[in-house]
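# Model the following, please.
(one chain, ligands or ions: 1)
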Amino acid sequence: MNCPCCGAPTRVTNTQQHGVAVERLRRCPACDHTFRTYEQLDTRPVRPRKPAPKKAA
Ligand SMILES: [Zn+2]
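Purely as a prediction, here's the structure:
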């Protein structure tokens, strides 16, 4: 994840689990901006990208 202030790559400084969600504290080494990101479980069904190949009989 890149810094929302300057666009530089950031580092994760702390990670906390909240049930199915994950909270990450990130810091930008370039401008010292600190922010949080949240990662959540998406329970929507995932469609396969390609249909299964049909076998010619
Ligand atoms: Zn930055």
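# The residue positioned nearest the centre of the chain: what's its closest spatial neighbour, skipping adjacent residues?
In the chain, the residue lying closest to the centroid (C-alpha atoms, centre = their mean) is E39, at 5.8 Å. Distances taken as C-beta to C-beta, 6 or more residues apart in numbering place V22 nearest to E39, at 4.3 Å, with adjacent residues excluded. (Each C-beta comes from the backbone N, C-alpha and C, glycine too.)
# follow-up on the earlier one: give me every residue that touches the residue nearest to the centre of the chain.
When contacts are counted by C-beta atoms under 8 Å, 6 or more residues apart in numbering, E39 is found next to 21-24.
# repeat for P4
Applying C-beta under 8 Å, 6+ apart, the residues near P4 are 33, 35.
# can you offset everything so residue one is 222?
Sure thing, new numbering starts at 222, so read that last one as P225.
# What pLDDT is listed against it?
pLDDT for P225: 96.
# Tell me the secondary structure of it, please.
Counting by DSSP: H, G, I helix; E, B strand; the rest coil, the backbone at P225 sits in coil.
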